[in-house]
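J.: dropping a prediction and its sequence here:
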Amino acid sequence: MTETRLRFPPSPTGYLHIGGARTALYNWLYAKQTGGKLILRIEDTDAERSTEESIQGIVDSLEWLGIDFDEGPYFQTEFAEDHTKAAQKLLDQGSAYKCFCSKETLDAKREAALAAKKPLGYDRTCRNLTAAEVAEKEAAAIPSVIRFKIPERNGALGYDDVILGRIESQYSEVDDFVIVRSNGKPLYLLCNVVDDIRDRISHVIRGQDHMTNTLKQVLMYEALGAPVPVFGHMPLTLDTKKAKISKRSHGEIVSVQFYRDSGFIPWAFNNFLVLLGWSAGNDQEFFTKEELIKAFTFERINKSSAIFNYRKNDPKFFTDPKAISINEHYLRSMDITKLGLMVKKELQADDLWLDTYDAERKNWYLQTLDLIRDRFHTLKDFTTLGRAYFADDFQVDEKPLKKNVLKHEGLKEWFPDLANRYEKLSDFSLEETERVARELATELEIKPGIIINGMRTVVTGQLAGPSMFDILVTIGQEKVVARLRTIATLFA
RNA sequence: GUCCCCAUCGUCUAGUCAGGUCCAGGACAUCGGCCUUUCACGCCGACAACACCGGUUCGAAUCCGGUUGGGGACGCCA
């Protein structure tokens, strides 16, 4: 059995979007499963649209996801010679021919065909030019492209798709496609095949939008005398209107970077991505990396396209609810030490990190995360909703302010009183803090809830949170006392 | 227009290849309940789908044909 070799070949014309990330993930999974190799190849032959920034963005995104590659990144432009040689070979052996039709003529023909509702393919005007005719046109300096010559055969050409099954089409349906531009630069269809042959790619797993390309490329492998790899075409990712998701029409919500910046856990996002078009065949939805590598199969990839359930302006969900829910699952169930590392980065970015959290206060740090993580959706929440645990500059939300504070004028006297009582406690424990709070409520003949909810607002700025006395003990006597004493400023 | 692919709850899907155990299972979302000083978590429950029409068969979500619907491709982009 020869080594399995897969590749992920993005074109650097923008950020990595979730469809591309899923393609990379599936390739990566199979490479890992078979002990094969994953190759990253940047397909930058379109000089006009390729950018350095985009290359960096793609590499960063893959790294964030944890999709590591074994070879590369290779750059397609570095192999221009291979591409040109292959084109020449095809030309020399009669598998390709020069076409002198101008772009304008072709555009006009295409438009006319579209209007007449006729097939749009190339009409093969230059296919049977004699050597003399070609020489004549070249002497006249008429620019030419090179087209691949679809063999004149009856019947169907096709391939066995590991996801879709047998795919076939009539030879007569396939266009004599251009493989080299008039400026001498080879095009994707050719370069891609030449690179895959050189890189000894055994499996080409890509989106269904490449299905017609594959038909053409199968013919090129044959003409180039190379073995045809295994092909598999994955379902596309669509939006809720069933349009292909794209950078252009959807913006950053479909970019991997958005999820990194929104505080997603990388593996959680991979877990979401893999489920968009694949299932293990049972009810399992959460996988460790090892489990997923073991369970993944091409055969279980869905044939139909999946919808990325993102609703613009949804007040409750800023992206696909399932993605959020999977992230929440990992957030509250993952190893607390690992979570600690991720939250550390968030705290550092917001200048809230203290080195003692890695040292004498490590237990406090991890216990605090454990206490508050149940209510959070993303890593970002630790520095926003959870800010009061790490800093004094937290905001008091308007809603709890109105509901729990402003409604009770008496708090202006009660909290300084409570602060004094708390200050005197030698044992600032769950039991003692609760006893004192309830005692005060009894003395004042008010419901304990008024004290408790008011404290939550003053001490954390939030409407909701963990058990109040857990919060007090976690935040600590000194800070609690100080915060309770600021009560009057909230009424200002 | 031509060719290719696809079709189960709102969304992701199991079940389809080997027809009966499926008046269709799970997850997310939604709605109710329990828990609770808050909000979550957790637990319990509800709502909700085999696109349509024919055929084959004792029996079809599953096989066959057609219709409809959706998607993709048809670039001197990748």
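T.: Thanks, I have it.

J.: rest of the way, CA atoms for contacts and neighbours
T.: Will do.

J.: can you list the residues of the stretch 251-400 of chain A near RNA strand B?
T.: For the stretch 251-400 of chain A, the contact set with RNA strand B under Cα under 7 Å from any atom of the strand comprises A:275-285, A:300-309, A:316, A:321-322, A:325, A:329, A:374-376.

J.: quick one, longest helix in chain A?
T.: helix A:18-34 (DSSP state H).

J.: so which of the residues of the stretch 251-400 of chain A next to RNA strand B sit within strands?
T.: Among these, the ones falling in strands (DSSP state E) are A:306, A:307.

J.: next one: stretch A:107-117 to chain centre, how far?
T.: Offset of stretch A:107-117 from its chain centre (Cα atoms, centre = their mean, to the nearest Å): 38 Å.

J.: residues contacting residue A:473?
T.: For residue A:473, the contacting residues are A:428, A:429, A:430, taking Cα atoms under 8 Å, 6 or more residues apart in numbering as the criterion.

J.: isn't the last one right up against residue A:471?
T.: The one in question is residue A:430. No: using Cα atoms under 8 Å as the test, residue A:430 is too far from residue A:471 to be in contact (9.2 Å).

J.: neighbour count: those two, which is higher?
T.: residue A:471 (21 against 16; other Cα atoms under 10 Å).

J.: please enumerate the helices of the stretch 151-300 of chain A.
T.: Assigned by DSSP state H, counting those that start in this stretch, the helices in the stretch 151-300 of chain A fall at A:188-198, A:211-223, A:247-250, A:256-261, A:266-275, A:289-295.

J.: export those to CSV and tack on mean pLDDT and mean neighbour count?
T.: CSV is the format used below for the helices of the stretch 151-300 of chain A (pLDDT from 0 to 100; neighbours: other Cα atoms under 10 Å):
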stretch, mean pLDDT, mean neighbour count
helix A:188-198, 97, 20
helix A:211-223, 96, 18
helix A:247-250, 82, 12
helix A:256-261, 96, 19
helix A:266-275, 97, 21
helix A:289-295, 96, 14
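
J.: re the thing from before, RNA strand B: which of the contacts of residue A:473 is nearest?
T.: Using Cα to the nearest atom of the strand, residue A:430 is the member of the contacts of residue A:473 that lies nearest RNA strand B, at 9.1 Å.

J.: quick one: residues contacting the closest one.
T.: A:469, A:470, A:472, A:473.

J.: if any of those residues are buried, put those into a ChimeraX selection.
T.: Buried subset of the contacts of residue A:430, written as a ChimeraX selection, criterion 16 or more other Cα atoms under 10 Å:
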select /A:469,470,472
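
J.: dump the contacts of residue A:430 to TSV, plus distance to RNA strand B, secondary structure and pLDDT.
T.: Formatted as TSV, these follow (distance: Cα to the nearest atom of the strand, whole Å; DSSP: H, G, I helix; E, B strand; the rest coil; pLDDT from 0 to 100):
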residue	distance to RNA strand B	secondary structure	pLDDT
A:469	6	helix	93
A:470	8	helix	94
A:472	10	helix	94
A:473	12	helix	93
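
J.: quick revisit: which of the residues of the stretch 251-400 of chain A next to RNA strand B are buried? Put it as a ChimeraX command.
T.: A single ChimeraX command is used to select the members of those judged buried by 16+ other Cα under 10 Å:
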select /A:275,276,277,278,279,280,301,302,303,305,306,307,308,309,375,376
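
J.: who's in contact with whichever helix or strand comes after the longest helix of chain A?
T.: Downstream of helix A:18-34, the next assigned helix or strand under DSSP states H and E is strand A:37-42. For strand A:37-42, contacts defined as Cα under 8 Å, 6+ apart pick out A:3-12, A:27-28, A:31, A:55, A:68-76.

J.: partner strands of strand A:37-42, parallel or antiparallel?
T.: Strand A:37-42 has the following strand partners under DSSP bridges: strand A:5-8 (parallel), strand A:71-75 (parallel).

J.: for residue A:238, which of those strands is the nearest?
T.: strand A:5-8 (20.5 Å; Cα to Cα).

J.: need the per-residue pLDDT for residue A:1.
T.: Listed pLDDT for residue A:1 reads 59.

J.: same thing with residue A:73?
T.: pLDDT recorded at residue A:73 is 94.

J.: now do the contacts for the closest residue to residue A:322 other than its chain neighbours.
T.: Distance criterion Cα to Cα, 6 or more residues apart in numbering; nearest residue to residue A:322, sequence neighbours excluded, is residue A:272 at 7.3 Å. Going by Cα under 8 Å, 6+ apart, residue A:272 touches A:322, A:323, A:326.

J.: so of those, which ones are in helices?
T.: Per DSSP H, the subset of these in helices is A:322, A:323, A:326.

J.: ok, the residues you listed vs RNA strand B, which is closest?
T.: residue A:322 (3.5 Å).

J.: where's the closest one relative to residue A:273, distance?
T.: 10 Å (Cα to Cα, to the nearest Å).

J.: what sits against residue A:472?
T.: A:430, A:433, A:459, A:480.

J.: filter those residues by proximity to RNA strand B?
T.: Of those, not one also sits near RNA strand B (Cα under 7 Å from any atom of the strand).

J.: now narrow the contacts of strand A:37-42 to whatever sits close to RNA strand B.
T.: A:10, A:11.

J.: just the buried ones out of the contacts of strand A:37-42, please.
T.: Here, 16+ other Cα under 10 Å leaves A:4-12, A:27-28, A:31, A:55, A:68-69, A:73-76 buried among the contacts of strand A:37-42.

J.: before we move on, the earlier item: how about the longest helix of chain A: buried residues?
T.: For helix A:18-34, by 16+ other Cα under 10 Å, it's A:18-33.

J.: quick check: which ranges of chain A have low pLDDT?
T.: Applying pLDDT under 70 to chain A flags the ranges A:1.
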